[in-house]
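**Student:** one predicted model, sequence on top.
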There are 4 protein chains.
Amino acid sequence: MLKKLSGEKLGEILETGIAEFAAHGLDRANINVIAKKSGVSVGVLYKYFENKEGFFLSCLRYSLEVLRSVIEDAMSGGGTLLARAEKLVRAVQRCAREHGTYNVMYNEITAGASQKYAQVLAQQIESITSEVYTRFIAEARAAGDIRGDIDPKLFAFFFDNLLLALQFSYSCDYYRERFKIFCGEDILDDDEKVASELLKFLQSAFALGQTEISQEG
Amino acid sequence: MLKKLSGEKLGEILETGIAEFAAHGLDRANINVIAKKSGVSVGVLYKYFENKEGFFLSCLRYSLEVLRSVIEDAMSGGGTLLARAEKLVRAVQRCAREHGTYNVMYNEITAGASQKYAQVLAQQIESITSEVYTRFIAEARAAGDIRGDIDPKLFAFFFDNLLLALQFSYSCDYYRERFKIFCGEDILDDDEKVASELLKFLQSAFALGQTEISQEG
Amino acid sequence: MLKKLSGEKLGEILETGIAEFAAHGLDRANINVIAKKSGVSVGVLYKYFENKEGFFLSCLRYSLEVLRSVIEDAMSGGGTLLARAEKLVRAVQRCAREHGTYNVMYNEITAGASQKYAQVLAQQIESITSEVYTRFIAEARAAGDIRGDIDPKLFAFFFDNLLLALQFSYSCDYYRERFKIFCGEDILDDDEKVASELLKFLQSAFALGQTEISQEG
Amino acid sequence: MLKKLSGEKLGEILETGIAEFAAHGLDRANINVIAKKSGVSVGVLYKYFENKEGFFLSCLRYSLEVLRSVIEDAMSGGGTLLARAEKLVRAVQRCAREHGTYNVMYNEITAGASQKYAQVLAQQIESITSEVYTRFIAEARAAGDIRGDIDPKLFAFFFDNLLLALQFSYSCDYYRERFKIFCGEDILDDDEKVASELLKFLQSAFALGQTEISQEG
DNA sequence: GATGAATGAGCGTTCATTCAT
DNA sequence: AATGAATGAACGCTCATTCAT
């Protein structure tokens, strides 16, 4: 039925896998079901992927590719740190609407299932972001855009933590409930407010201690 | 081999369960293994807990009790918001050393396996913290301790996000790797630095604009 | 709690057992549940009965005692064969109302669960009835009450078959449904009709071939 | 060890299942054992049947199909009621030799294990027979072949009761023992006698009163 | 290659039975 | 003697993985 595993077919398989893994978790997702839903045989899955875990990791990588490109798009172009932060925050919000399942998968690997790969995965996933954030913050500090007494790495880390938590809060069931408990049932309908408050929070964190401050565009 | 299931034994079972769930995740953890490691028979487990999932939830609740009491201890007593924040940060660090597995379990429920319970669990777990944080921030704002243009709920949320991420960063494999990637291999050995930088980050976020500033665009 | 296993207590245990075995079958009935419902500990059950099967057999014997005494009551006193048959039919109907569960148990042993004991049980249960019926029929034949060309044993057998099937048809779920399918939804409300039709059926079977026949009282 | 599950294989599985269920009852029969004896893996069983109960019901239906076709064969073709009855009696005897296990299964469902399905099964199993018998008896009555004062439904019921009991008496351990107790150790070797006596019994029941008699009170 | 039927190890769960108290 | 907590063998069922076609 399937002549060649075209890139398109591969994409379909991965998307199906992501949906299933997001819906049921790594362990409860069923390879046979994924195959059926993808319109391929299990044999094909096992030809292209070592085993269930390997397939899971491929799905994960595929989804992270998208996530990363969203981040990178948002980071490209210049602007103050805060301007960039705003872009990122809005990108995270948009991305959660479009690719919620990717975030769920991302959260999944942070949980127990694949500790074995924690190190490798973290390397693959976090290094770029980490580096870029750190560099931007260092630059901003050099440019006097940001208070001078901070450790760029840790600030980058805290910053990413806020983005990460936001990401999950829009996509993962548990985090979404927590979001509503903290901020009210309707918080998911007011992206604008969330964005502006987070930016206020960040702006302060970045800027405090400067003499003249942070009137971003 | 017969023993009465004392409260102590119950505690041992739960601790064993937490360790296993933390090590292998809800699905891969093996009830028979947990029983054996606890020194009881599976029958006992099924006498005291409805089924695997019920046992998991009991382990989770048990671990959250500890986590919550740590938080509450740190919150008791007065002090400025920042003073309290410091206590919390240090409590999180201490707790991660002593009860890392509890954090792993907590992270696990945020991930795929227990979506079914997301709502209920979030209610049980997050409501207290959420309320307390929000109240403190509102009080601090009333007292002029904190900038006046913020939404206390969202600030409480961002604040908790930072603590949550820190918690996981000390305990969960993936988050720990990520922590090291962002902040260097040795970051886990310098709690002092992490605490002080996070407090700086928070202080700014709280305090900014108190005198004249914070007219964001 | 229980000082001595009085006859009364024993009766209660057996009744509870019968109810459970009737409700769930030999295998699905739960000894621990039976103990709890009887208000005794499992230990007591295992003191007085060898094991589950032994307990089942005791319940069975207990219930058959009642069944048998009903039959014997109905058989005592003289009368024509048909008069006796009428008593039996009505006794079966009455008994099904009062002791339906006994019949269910009786049916149960005829099914797979205890083939091991089929022979022993049949001996214990059927021999008296069989003998009495056969004797009555032989007497009746000798007395010219009944056609002369029959084999008393087989006639006794067919006669008991009809009673047995009737017994189950009033008490056992499956047989009751079958009864309704054959004779209409309301057949269980018209014992009189069933009795009189069965007696007609029997009367004919007994009497046919006599020169002057069977005008029973 | 891989084989395609041909229709033949399916038949083999069902036959094995019937044998196991007949030998040990629904609950004690072991699915893994059945699979092994059938020469297939448990997986196959669970591919073709929902679960143990579903498999049991399939075995049952399969066996009833045979039973029913035997009955129907015996009923096809005309003849007096008694001629038909004779065919049926002999068919029952023959069938018991060839498919004793089927009868055991049939008996099993009438007992405790499957009360849940009593209604549905009874409908599926008994309705045809019931209707046919009732119709034949009604026709026979109309034709003056049979006494006029009977209720065809109840007579059909009694008639089927006799056949049912005979069926079990040839196949099910308990009923077989009972048969011997009533009619002697060698009764199973003299089908001819049993048939002729039963026919006498039936003939009387049907025919009585045709000339002058049967004015019951 | 691609297929998907078949495999069977593995695990959750039950409950008859035991025996320390 | 009576208790009932504890035991653990046993079994139903799932699903990742294989391999004959």
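**Tutor:** That came through fine.
**Student:** give me the distance between the residue nearest to A:Ala19 when sequence neighbours are not counted and chain C.
**Tutor:** Taking C-beta to C-beta, 6 or more residues apart in numbering or on different chains as the measure, A:Ala19 lies nearest to A:Thr101, with 5.6 Å between them; neighbours along the chain are not counted. Just so you know, the C-beta spots here come from the backbone N, C-alpha and C atoms, and that holds for glycine as well. According to C-beta to the nearest C-beta, to the nearest Å, A:Thr101 stands 43 Å off from chain C.
**Student:** how about the contacts made by A:Thr101?
**Tutor:** A:18-19, A:22-23, A:63, A:171 (C-beta atoms under 8 Å, 6 or more residues apart in numbering or on different chains).
**Student:** quick one: which of those sit in helices?
**Tutor:** When helices are assigned by DSSP state H, the members of those inside them are A:18-19, A:22-23, A:63, A:171.
**Student:** quick revisit: tell me which two of the contacts of A:Thr101 sit farthest apart.
**Tutor:** For those, the maximum inter-member distance is 13.7 Å, found between A:Ala23 and A:Ser63 (C-beta to C-beta).
**Student:** not counting sequence-adjacent ones, nearest residue to the residue in chain A that chain D sits nearest to?
**Tutor:** For chain A, the residue positioned closest to chain D under C-beta to the nearest C-beta is A:Asn32, at a distance of 10.9 Å. The spatially closest residue to A:Asn32, leaving aside those adjacent along the chain, is A:Val42, at 5.8 Å (C-beta to C-beta, 6+ apart).
**Student:** quick one: pLDDT of the one you found?
**Tutor:** Per-residue pLDDT puts A:Val42 at 95.
**Student:** count the neighbours of it for me.
**Tutor:** Residues lying near A:Val42 (other C-beta atoms under 10 Å in any protein chain shown) number 14.
**Student:** next: A:Lys116.
**Tutor:** Residues within reach of A:Lys116, counting by other C-beta under 10 Å, total 10.
**Student:** then A:Glu53?
**Tutor:** The number of residues packed around A:Glu53, counting by other C-beta under 10 Å, is 14.
**Student:** centre of the chain versus the helix or strand containing it, how much separation?
**Tutor:** Taking DSSP states H and E as the criterion, the element that holds A:Glu53 is helix A:52-75. The chain centre lies 9 Å from the centre of helix A:52-75; the measure is C-alpha atoms, centre = their mean, to the nearest Å.
**Student:** ok, and for that helix, which residues are buried?
**Tutor:** Neighbour counts using 16 or more other C-beta atoms under 10 Å in any protein chain shown place A:52, A:55-60, A:62-64, A:67, A:70-71, A:74-75 of helix A:52-75 among the buried residues.
**Student:** quick one: the helices in chain A?
**Tutor:** Chain-ordered helices for chain A, with DSSP H as the definition, fall at A:7-28, A:31-38, A:42-48, A:52-75, A:81-98, A:100-110, A:118-142, A:152-171, A:173-183, A:191-207.
**Student:** so which of those is nearest D:Arg135?
**Tutor:** Once C-beta to C-beta is applied to the helices of chain A, the stretch that comes out nearest is helix A:31-38, at 49.0 Å.
**Student:** kindly calculate the angle that the closest one makes with helix A:7-28.
**Tutor:** Here helix A:31-38 runs at 150 degrees with respect to helix A:7-28, directions being taken by axes from the mean of the first three to the mean of the last three C-alpha atoms, to 10 degrees.
**Student:** so does helix A:31-38 get close to DNA strand E?
**Tutor:** Yes. Judged by C-beta under 7 Å from any atom of the strand, helix A:31-38 comes into contact with DNA strand E through A:Asn32.
**Student:** now the angle between helix A:52-75 and that helix, please.
**Tutor:** 50 degrees.
**Student:** by contact count, what packs against helix A:31-38?
**Tutor:** In terms of contact count using 3 or more C-beta pairs under 8 Å, 6 or more residues apart in numbering or on different chains; DSSP states H and E, helix A:31-38 is assigned the packing partners helix A:7-28, helix A:42-48, helix A:52-75.
**Student:** follow-up on the earlier one: can you tell me which of the contacts of A:Thr101 is nearest A:Val120?
**Tutor:** The shortest separation between A:Val120 and any of the contacts of A:Thr101 is 16.2 Å, and it belongs to A:Ser63 (by C-beta to C-beta).
**Student:** could you count how many residues lie near the closest residue to the closest one other than its chain neighbours?
**Tutor:** The shortest distance from A:Ser63 to any non-neighbouring residue, by C-beta to C-beta, 6+ apart, is to A:Tyr102 (3.7 Å). Using other C-beta under 10 Å, A:Tyr102 has 25 other residues around it.
**Student:** where's A:Leu10 relative to B:Lys180, distance?
**Tutor:** Applying C-beta to C-beta, to the nearest Å, one obtains 33 Å for the distance of A:Leu10 from B:Lys180.
**Student:** ok, these two, which is more surrounded?
**Tutor:** Relative neighbour count places B:Lys180 above the other of A:Leu10 and B:Lys180, with 19 against 16, counting by other C-beta under 10 Å.
**Student:** which non-adjacent residue is nearest that one?
**Tutor:** What sits nearest to B:Lys180 in space, not counting adjacent residues and going by C-beta to C-beta, 6+ apart, is B:Ile187, at 6.0 Å.
**Student:** cool, A:Ala29 as well?
**Tutor:** Closest residue to A:Ala29 in three dimensions, ignoring its sequence neighbours and counting by C-beta to C-beta, 6+ apart: A:Glu20, at 4.3 Å.
**Student:** ok, the one you found touching A:Lys36?
**Tutor:** No. A:Glu20 sits out of contact with A:Lys36 when judged by C-beta atoms under 8 Å, with a separation of 10.5 Å.
**Student:** between the two, which one's more packed in?
**Tutor:** The residue with the greater number of neighbours, taking A:Glu20 and A:Lys36 and applying other C-beta under 10 Å, is A:Glu20; the counts read 22 against 13.
**Student:** quick revisit: can I get the helices of chain A in TSV with distance to D:Ala85?
**Tutor:** Supplementary listing: these in TSV, determined by distance: least, C-beta to C-beta, whole Å:
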stretch	distance to D:Ala85
helix A:7-28	60
helix A:31-38	54
helix A:42-48	57
helix A:52-75	64
helix A:81-98	76
helix A:100-110	69
helix A:118-142	79
helix A:152-171	74
helix A:173-183	68
helix A:191-207	83
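**Student:** my read: A:Leu198 touches A:Val92, true?
**Tutor:** No. Using C-beta under 8 Å, A:Leu198 is not in contact with A:Val92; the gap is 9.6 Å.
**Student:** in a markdown table, list the ones in helices among the contacts of A:Thr101 along with pLDDT.
**Tutor:** As requested, the ones in helices among the contacts of A:Thr101 are arranged in a markdown table below (pLDDT from 0 to 100):
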| residue | pLDDT |
| --- | --- |
| A:Ile18 | 95 |
| A:Ala19 | 94 |
| A:Ala22 | 91 |
| A:Ala23 | 89 |
| A:Ser63 | 88 |
| A:Ser171 | 94 |
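**Student:** quick one: A:Ala195 from A:Gln167, how far?
**Tutor:** 13 Å.
**Student:** the more surrounded of these two?
**Tutor:** Here A:Ala195 and A:Gln167 are compared on neighbour count by other C-beta under 10 Å; more neighbours surround A:Gln167, at 23 against 17.
**Student:** wait, the more buried one touches A:Cys95, no?
**Tutor:** Yes. The pair formed by A:Gln167 and A:Cys95 meets the contact definition of C-beta under 8 Å, at 7.5 Å.
**Student:** just to revisit the earlier point, neighbouring contacts of the helix holding A:Glu53?
**Tutor:** The set of residues external to helix A:52-75 that reach it, using C-beta under 8 Å, 6+ apart, is A:11, A:14, A:17-18, A:21, A:26, A:29, A:31, A:34, A:45, A:49, A:84, A:87-88, A:90-91, A:94-95, A:99, A:101-103, A:105-106, A:109, A:114, A:117, A:121, A:124-125, A:128-129, A:132, A:136.
**Student:** got a quick PyMOL command for the buried subset of those?
**Tutor:** Provided next is the PyMOL selection string for whichever of the contacts of helix A:52-75 are buried by 16+ other C-beta under 10 Å:
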select buried, chain A and resi 14+17+18+21+26+29+31+34+45+49+84+87+88+91+95+99+101+102+103+105+106+109+114+117+121+125+129+136
